[in-house]
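J.: the following comprises the amino acid sequence and a computationally predicted model.
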Amino acid sequence: MPQLHCCLGTGMSWQPGMDIPALRDSWSSVQKVGDEAVLYFYSHLFMAHPEVREMFPVSMTTQRGRFFAALGHIVTNVDRIGADPTFIQQLGRDHRKFQVVADHYPAAGASLLATLQYFLGASWTDGLAATWAEAYNAVAGIMIMAADKDNESAPAWWDAQVIATERRTIDIGLLRIRPTQPYPYIAGQSMAVQTPLRPRLWRYYTPANAPRPDGTLDLHVQIVAGGQVSAALARTVAVGDMLRLGAPIGTAFALPTDFRGNLLLVAGGTGLAPMTALIEQLDERWRDTGEVTNVNLFHGVRTQQNLYDHTFLCELARTRPWLDYTPVISDDPAYPGARGPVGTVVAQNYRWRGETALICGSTMMVAHTASELRRAGVPASALRFENFDGGHPDDSTPQTSAAPAGIAHEVTTWQ
């Protein structure tokens, strides 16, 4: 088997001659095997390197496919990563919270290649093995270099104290937290959150506010059936409790400082969080400079009770001439306003005029909304969305997919 060395040379080691179609075809074949391939991967990893087992949660029930699936996905998109390594660099920095070091990358890569070899059988040639090794080394090298550089100036994680809690609905809670050190994020970015109540279980949440002078962050937490972290954060965590935050991550929703276009924002459930952060950022610019970005916000939920920020958004839309807000209800036939899946409503009632469309919600909601907007004439290049956990419907606020360079940016998390 080719050696996985994770070279730390400068730049990206991907070569244009790498057989990317072969990477994707072979990965597609292994994906069809399903859980059997996942179990083989973890068995190989833990038997060869038992020391890494403690980096994973005690229960692997919800974890099993996430790391393996995201790892393969990123490697098979190595050509797109070469064009813009920003997300993978963020990913490398974010992995410091798991206490991942350079020596761990060859271990995971060797188990990935062993799994591919086992299930591809005669299709696993020396050439394909070399291509996989080269691609994996390229991705790992970027992550390691970013982590090493970040280690010089930033902690592996930030501690944050809960300073306020609020239950907005039966299944949605709001937390206000204050990191004990400055937390350098920008509006629209997310971070992994861990509570001591659920050790080694990290879930991604997006602050619902732009950076504030006092450093506080607001988190919108929706309880998901079977979601261990979301239930703990929304129901059990109390004022004074401490949380851990991973490094800020995400590129799809971050607006450049020179952004001058208009926005179509489509949110499902607590996917509203990054949208309110961006609106807050744009509002601050409007008040300071008078510059206007016209924003159309659609918030889709099942029932009126799930419109947990409705009063605030109505008041904001009333006083901001550049903001339009449309609540959409899917499961209440008596609701007098817009009804149906939010993606369908947006596609039927909104005429695209060159805006950038940002979508955040459940994996299914994002896929459906993107499909509806494309059918309505919105070009794929205008759609932006993001994925931080491989699409697993557990405790993440922005469980969405894909981003700037056209790659579905799925985080290769150790947990």
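T.: Arrived safely, thanks for sending.
J.: same question for stretch 19-34, mean pLDDT?
T.: Mean pLDDT, stretch 19-34: 89.
J.: and that stretch, what's buried?
T.: For stretch 19-34, the neighbour count (16 or more other C-beta atoms under 10 Å) marks D19, I20, A22, L23, S26, W27, V30, Q31 as buried. Yep, even glycine has a C-beta here, placed from its N, CA and C like the rest.
J.: could you do stretch 125-142 as well?
T.: For stretch 125-142, by 16+ other C-beta under 10 Å, it's 128-129, 131-142.
J.: which ones among these map onto helices?
T.: Counted as lying in helices by DSSP state H, out of these, are 128-129, 131-142.
J.: mind putting those residues in JSON lines, pLDDT included?
T.: What follows is those, written out as JSON lines (pLDDT from 0 to 100):
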{"residue": "L128", "pLDDT": "93"}
{"residue": "A129", "pLDDT": "94"}
{"residue": "T131", "pLDDT": "92"}
{"residue": "W132", "pLDDT": "92"}
{"residue": "A133", "pLDDT": "92"}
{"residue": "E134", "pLDDT": "91"}
{"residue": "A135", "pLDDT": "90"}
{"residue": "Y136", "pLDDT": "90"}
{"residue": "N137", "pLDDT": "91"}
{"residue": "A138", "pLDDT": "89"}
{"residue": "V139", "pLDDT": "89"}
{"residue": "A140", "pLDDT": "90"}
{"residue": "G141", "pLDDT": "91"}
{"residue": "I142", "pLDDT": "90"}
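J.: identify the farthest-apart pair in these.
T.: L128 and I142 (22.1 Å; C-beta to C-beta).
J.: between the ones in helices among the buried residues of stretch 125-142, which is nearest V239?
T.: Lowest distance from V239 to these (C-beta to C-beta) belongs to I142, with 39.9 Å.
J.: wait, what's in contact with the closest one?
T.: M12, I81, P85, I88, Q89, G92 (C-beta atoms under 8 Å, 6 or more residues apart in numbering).
J.: please apply the same query to I170.
T.: Contacts of I170 were listed using C-beta under 8 Å, 6+ apart, and they are Q305.
J.: recalculate using a threshold of 10 Å.
T.: Contact partners of I170, counting by C-beta atoms under 10 Å, 6 or more residues apart in numbering, are I223, A234, Q305, N306.
J.: can you give me the distance of it to R384?
T.: The spacing between I170 and R384, counted by C-beta to C-beta, to the nearest Å, is 31 Å.
J.: list the buried residues for stretch 246-260?
T.: Judged by neighbour count using 16+ other C-beta under 10 Å, the buried positions of stretch 246-260 are G246, A247, P248, I249, G250, T251, A252, F253, A254, L255, F259.
J.: nice, that's everything, thank you.
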